[in-house]
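**Student:** no sequence for this one, just the structure:
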């Protein structure tokens, strides 16, 4: 994979996190966000932009559609890995969007190594948070990978 492909995937992941956040906080639909994405109007709710590349439409669409369609399953996988007494609803909405996008990619893109997926979402978390959240994203996605990738697929 060349540098342009890597950058396009990275941009798609960030756009997916921003879109999932926008869906949760603003009530946008999947169709609305896909139309905005196709029109070149990515959600730009934050200053956290660490890529200038054009996002990969295929990956963006896969992440958004699966994070929404499989949200109950993904949320259960995430919730099982939270510390005792924590509920998914208590987590910051940006962190929740990061976890959902990461879990969707872990489940759906077994061709991408688990470590790559996790590292990409940890980097996204670092672009939004200065505190312990990136470590939390790392630990949670790593633990979820066991549920979402049985038998170590795409390790």
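**Tutor:** Looks like it arrived, so ask away. Source: prediction; values computed, not measured.

**Student:** Would you mind measuring from the most centrally placed residue in the chain to residue 66?
**Tutor:** With distances taken as Cα atoms, centre = their mean, the residue of the chain nearest its centroid is residue 101 (2.2 Å). According to Cβ to Cβ, to the nearest Å, residue 101 and residue 66 sit 9 Å apart. In short, each C-beta sits where N, CA and C put it, glycine included.

**Student:** and the residue nearest to the centre of the chain, helix, strand or coil?
**Tutor:** Following DSSP: H, G, I helix; E, B strand; the rest coil, we place residue 101 in the helix state.

**Student:** can you pull the contacts of it?
**Tutor:** 13, 16-17, 20, 63, 67, 121 (Cβ atoms under 8 Å, 6 or more residues apart in numbering).

**Student:** top of these by neighbour count?
**Tutor:** Neighbour counts for the contacts of residue 101 peak at residue 16, which has 32 neighbours (criterion: other Cβ atoms under 10 Å).

**Student:** Which elements pack onto the helix or strand in which residue 117 is found?
**Tutor:** Taking DSSP states H and E as the criterion, residue 117 maps to helix 114-128. Other elements packing on helix 114-128 under the criterion 3 or more Cβ pairs under 8 Å, 6 or more residues apart in numbering; DSSP states H and E are helix 3-26, helix 93-108, helix 133-148.
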